[in-house]
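Asks: Give me the fold of what follows.
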Amino acid sequence: MKKFQSGRVVRQAHYKSFQPNPINRAWVVDDMALIQLLGQADRELGRLDMYSEYIPNIDLFIRMHVLKEATQSSKIEGTQTNMEEALLEKEDVALERRDDWEEVQNYVSAMNRAVTKLHTLPFSARLIRETHKTLMQGVRGKHKQPGEFRTSQNWIGGATIDDAIFVPPVHVSVSELISDIEQFVHNDKQHFPELLKIALVHYQFETIHPFLDGNGRVGRLLITLYLVSREILKQPVLYLSDFFERNRQLYYDNLMRVREKNDLLQWFKFFLVGVIETAKSSITTFDNILKLQKQVEAQIQTLGSRTANAQKVLHYLYQRPMVDAAKVCKVADISSASAYKLIADLEQFGILKEITGGKRGKMYVFDAYLKLFK
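Replies: Numbering: from 1, shown residues only. Okay, the predicted model is just below:
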């Protein structure tokens, strides 16, 4: 890695672009501080994976992890939707905020579909394109070739290419560079630690910037997809966007540092710290979910004949912790009168909290649960 050369600046007609070097080659890891961080990251990931294997009904909680990832990853790109708003139905979102809301929903769909497709499709250029197509469907970037690698020059920062912060490689080299990533991912002849592999893939993908829009979101999705595809994680429970959002300037600076100073080591260390912190945080969240589950279950057992209906509503709330009376009616298959009575019981326990403050159209949130993800 000490001899690593990220690429070169190439003069085009009236601007300069950056041409990255291929990454599918032999790598040697010889920095002890990096090796130590790598070991710590592997251990924390192993602990997180164990949690995902032994927690009952883990799928209920993964949806909330994905929703948090969607809001944080989109936030990096300027989208303002928070988790409470993301949980609303489209018709309940203010018109001026629906574009942001739809981008978050598309991110959730893109992640879910991509994880499902990994059962039949390898981590590949095709998977990347299909994921991008889902991400950009019907939103602000829908006219920017969803699911297709770009056929023109793009740039990062600045109103025009002349004052851009960074200009990715010319479009004619995109397919070849993505193919190089694909070969690197599946190159099992040259051993390279998996976490460093996806850290390098993420850097290279963001440097290539193969789409006209949505590159950041797709690039962050790829981290989780890679870990699942290599069976490092059995479930998609690690998402780094929250870490990148909280350290946004460092995130951008470390990516640029690789391009400008060939400092891949600093990027690797930053990435691994993100994995360690995020894995620890996810483990804490799972711990707290189990404690909350135990507490809530004890509370609803006192409801007698209404306990079964309360359990149905809670099963729904673990996936989507926001309801109204109509949704309670549907989920528990009960009358409006019974739904209001059940809501009152759950309010009394502190499980549900009314958030609208009005007399009609009341919305309730499973507040203690939602706070675990914030």
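Asks: Kindly provide the distance from the nearest residue in space to Trp27 that is not next to it in sequence to Lys3.
Replies: In this structure, Trp27 finds its nearest non-sequential neighbour in Phe192, 4.9 Å apart by C-beta to C-beta, 6 or more residues apart in numbering. Where you see a C-beta, it was placed from the backbone N, CA and C, and this is true even at glycine. From Phe192 across to Lys3, the span is 15 Å (C-beta to C-beta, to the nearest Å).
Asks: Look at those two and report which has more neighbours.
Replies: Phe192 (17 against 6; other C-beta atoms under 10 Å).
Asks: State the helix or strand in which the more buried one lies.
Replies: Counting by DSSP states H and E, no helix or strand carries Phe192.
Asks: That one and His186, how far apart?
Replies: 12 Å.
Asks: Now do the same for the residue positioned nearest the centre of the chain: its pLDDT.
Replies: Taking C-alpha atoms, centre = their mean as the criterion, Glu69 is the residue nearest the geometric centre of the chain, at 3.7 Å. With respect to pLDDT, Glu69 scores 88.
Asks: wouldn't it be in contact with Leu238 here?
Replies: No: with contact defined as C-beta atoms under 8 Å, Glu69 does not reach Leu238; the gap is 9.3 Å.
Asks: so where do the helices sit in the stretch 151-300 of the chain?
Replies: Applying DSSP state H, counting those that start in this stretch to the stretch 151-300 of the chain gives helices spanning 174-185, 194-208, 215-229, 241-246, 248-261, 264-300.
Asks: Including mean neighbour count, distance to Ile55 and mean pLDDT, could those go into JSON lines?
Replies: Putting these into JSON lines (neighbours: other C-beta atoms under 10 Å; distance: least, C-beta to C-beta, whole Å; pLDDT from 0 to 100) gives the following:
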{"stretch": "helix 174-185", "mean neighbour count": "18", "distance to Ile55": "29", "mean pLDDT": "98"}
{"stretch": "helix 194-208", "mean neighbour count": "22", "distance to Ile55": "23", "mean pLDDT": "98"}
{"stretch": "helix 215-229", "mean neighbour count": "23", "distance to Ile55": "17", "mean pLDDT": "95"}
{"stretch": "helix 241-246", "mean neighbour count": "20", "distance to Ile55": "20", "mean pLDDT": "93"}
{"stretch": "helix 248-261", "mean neighbour count": "16", "distance to Ile55": "30", "mean pLDDT": "97"}
{"stretch": "helix 264-300", "mean neighbour count": "18", "distance to Ile55": "6", "mean pLDDT": "95"}
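Asks: which one of those lies closest to Leu34?
Replies: helix 264-300 (5.8 Å; C-beta to C-beta).
Asks: in the next helix or strand after that closest one, what's buried?
Replies: Sequence order places helix 307-319 as the next helix or strand after helix 264-300, per DSSP H and E. Using 16 or more other C-beta atoms under 10 Å as the test for burial, helix 307-319 gives Asn309, Ala310, Gln311, Lys312, Val313, Leu314, Tyr316, Leu317, Tyr318.
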